[in-house]
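Student: quick one: sequence and predicted model below, then my questions.
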Amino acid sequence: MNILIIGSGAREHALAWAIRKNPAVEQLFVAPGNAGTARLAQNLHVTHIDIKTLGEAAQSLDIDLVVVGPENPLALGIVDHFQTLGIPIFGPSQAAAQIEASKVFAKELMLKYGIPCAQSRTFTSLNEAKDYVKSQKPPIVVKADGLAAGKGVIIAQSHQEALIALSDMIEKRAFGAAGDRVLIEECLSGREVSLLAFTDGNTVVPMVPACDYKRRDDNDEGPNTGGMGGYSPPGFFDETLIKQVQKTVLEPVVAAMNREGRPYKGVLYAGLMLTDDGPKVLEFNARFGDPETQVILPRLETDLVEIMLAVVSGNLDKIRIKWSTQACVGVVMASGGYPDNYKTGLPIQGLDALPPEIMVFHAGTRQGATPGMVLTDGGRVLTVAAKGDSVAHARSVVYQHLSRVQFEGCHYRKDIAAREVVN
């Protein structure tokens, strides 16, 4: 088989790493990829949102399966385009991807079908939104409706902070059209967890749960990012809770999407808060999470390509998906200054000095001028991950070897999975 992965992050590198395990995969391509995917596959110099050119490339390369990593091409209708070309593709249609592309759509769907979530109001008027914020008790959650690269959610600790967030989104258009509508939500409290699932539109099979860290700095301080690390499994989220979320969230949402004429196939990601009233949905994503994928896929024992083909063909009920009992911890190494201003083109040292039990998934990297040279090329540069018999064991292995990898200004959190170990 020839397979094409769309995207360039650590998620896509992890997907390539998992897909490469299938002996039937003859040629693997990643568009546009990074320095890490170049070691497993052939990178194509096509951006992930150039859907027409991606389709032409897939036709010329006799691609048998396309796997979409990021949310943007899904929202732009890449799945619909490849279906018209007759090329099998793993991911939801444009209509189904609205569950991530529009937080307002997702919220209205949940309210309509009784799926547990935070109370919220939607606004397009800055003045009306400000008036509403003043009537609420902080902390207040302000969300841009559309896609904002994981940075469109502000948890405001004061009225002033919430008013600034509203002004940034609606007036200053910090997230462009994504902020034309905003949601103002109650702030749920509890432990946060991500539960992803494979679905072919009928059968829904949860993956192992994971936790990620959105804030840049230790102790959940600093600006919001795309994610600074994660671990799986969280000890506080057991099999009973997984089954509860499957019955109250995942299966009802897939059924609701069918009733809305938006059949959902691919990966459904539920970001959850475990409140005193039970699990509630914070957000849905229409694809594998990043950095969750980097700690989930290393635990997958069933062949990923087989699962994806079963999803595409509607035969997911025929597959039994197995997971390792080992834990996995991943730490993101970011450029100094991320998520704001940071340098790129800096050489990375130490990648070849790591023991085989350390997995390094590249994100913002590119190949240098000489063979083997790897340069930084983004905000999140690498995810360094390891498995262990427990979260504590996996965590100690990662942090033991992390300092071997170095580049100028490198920044990473020192507390990934620390709370899990303490508790």
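Tutor: Thanks, I have the structure now. All of these numbers come straight from a predicted model, not from anything done at the bench.
Student: host element of the residue most central in space within the chain?
Tutor: Nearest to the geometric centre of the chain sits residue 289, at 1.8 Å (Cα atoms, centre = their mean). For residue 289, there is no enclosing helix or strand under DSSP states H and E.
Student: and the helix or strand containing residue 271, C-alpha only, in CSV?
Tutor: Taking DSSP H and E as the criterion, residue 271 maps to strand 266-275. This file holds the C-alpha atoms of strand 266-275, laid out as CSV (Å, rounded to 0.1, in the frame of the first residue of the first chain):
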residue,chain,number,x,y,z
GLY,A,266,-12.5,9.2,11.8
VAL,A,267,-11.3,10.3,15.2
LEU,A,268,-13.6,12.1,17.6
TYR,A,269,-11.8,13.9,20.4
ALA,A,270,-13.7,14.9,23.5
GLY,A,271,-12.0,17.3,25.9
LEU,A,272,-13.7,16.7,29.3
MET,A,273,-13.9,18.1,32.7
LEU,A,274,-14.7,15.7,35.6
THR,A,275,-17.0,17.9,37.6
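Student: which elements pack onto it?
Tutor: For strand 266-275, the elements it packs on are strand 191-199, helix 239-245, helix 251-259, strand 278-285, judged by 3 or more Cβ pairs under 8 Å, 6 or more residues apart in numbering; DSSP states H and E. No exception for glycine: its C-beta is placed from N, CA and C like everyone else's.
Student: as JSON lines, these with mean neighbour count, mean pLDDT and distance to residue 121 would be great.
Tutor: Putting those into JSON lines (neighbours: other Cβ atoms under 10 Å; pLDDT from 0 to 100; distance: least, Cβ to Cβ, whole Å) gives the following:
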{"stretch": "strand 191-199", "mean neighbour count": "21", "mean pLDDT": "97", "distance to residue 121": "22"}
{"stretch": "helix 239-245", "mean neighbour count": "15", "mean pLDDT": "97", "distance to residue 121": "25"}
{"stretch": "helix 251-259", "mean neighbour count": "18", "mean pLDDT": "98", "distance to residue 121": "21"}
{"stretch": "strand 278-285", "mean neighbour count": "20", "mean pLDDT": "96", "distance to residue 121": "16"}
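Student: for these, which one sits closest to residue 306?
Tutor: Of all those, strand 191-199 sits nearest to residue 306, with 11.1 Å by Cβ to Cβ.
Student: how far away from the center of its chain is the closest one?
Tutor: Centre-to-centre, strand 191-199 and its host chain are 10 Å apart (Cα atoms, centre = their mean, to the nearest Å).
Student: one more: stretch 177-194?
Tutor: Its chain's C-alpha centre and that of stretch 177-194 lie 16 Å apart, by Cα atoms, centre = their mean.
Student: just put the helices and strands packed on strand 266-275 in a markdown table and tack on distance to residue 181.
Tutor: Output for those, formatted as a markdown table (distance: least, Cβ to Cβ, whole Å):
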| stretch | distance to residue 181 |
| --- | --- |
| strand 191-199 | 24 |
| helix 239-245 | 27 |
| helix 251-259 | 21 |
| strand 278-285 | 15 |
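Student: wait, which of those is closest to residue 399?
Tutor: Taking the helices and strands packed on strand 266-275 one by one with Cβ to Cβ, strand 191-199 is closest: 21.9 Å.
Student: contacts for the next helix or strand after that closest one?
Tutor: Counting by DSSP H and E, the next helix or strand C-terminal to strand 191-199 is strand 204-206. Strand 204-206 has contacts (Cβ atoms under 8 Å, 6 or more residues apart in numbering) with 195-199, 242, 245-246, 250-251, 254, 268, 316, 319, 321.
Student: closest one of those residues to residue 23?
Tutor: Of all the contacts of strand 204-206, residue 23 sits closest to residue 319, with 17.8 Å by Cβ to Cβ.
Student: please name the bridge partners of the nearest residue to residue 120 once chain neighbours are set aside.
Tutor: Excluding the flanking residues, the one nearest residue 120 by Cβ to Cβ, 6 or more residues apart in numbering is residue 185, at 4.0 Å. Here residue 185 sits in beta bridges with residue 120, residue 141, as judged by DSSP bridges.
Student: who's in contact with residue 303?
Tutor: 21, 22.
Student: same check, this time on residue 12
Tutor: 5, 6, 30, 33, 34, 37, 69.
Student: how about residue 86?
Tutor: For residue 86, no contacting residues are found, by Cβ under 8 Å, 6+ apart.
Student: going forward, count from 39.
Tutor: Okay, using 39 as the starting number, the last item reads as residue 124.
Student: any idea how far it lies from residue 116?
Tutor: Distance of residue 124 to residue 116, given as Cβ to Cβ, to the nearest Å: 15 Å.
Student: residue 298 reaches residue 144, doesn't it?
Tutor: No: contact criterion Cβ atoms under 8 Å: residue 298 and residue 144 do not qualify, at 11.7 Å.
Student: with neighbour numbers in mind, choose between those two.
Tutor: Neighbours were tallied for residue 298 and for residue 144 using other Cβ atoms under 10 Å; the higher tally belongs to residue 144 (23 against 17).
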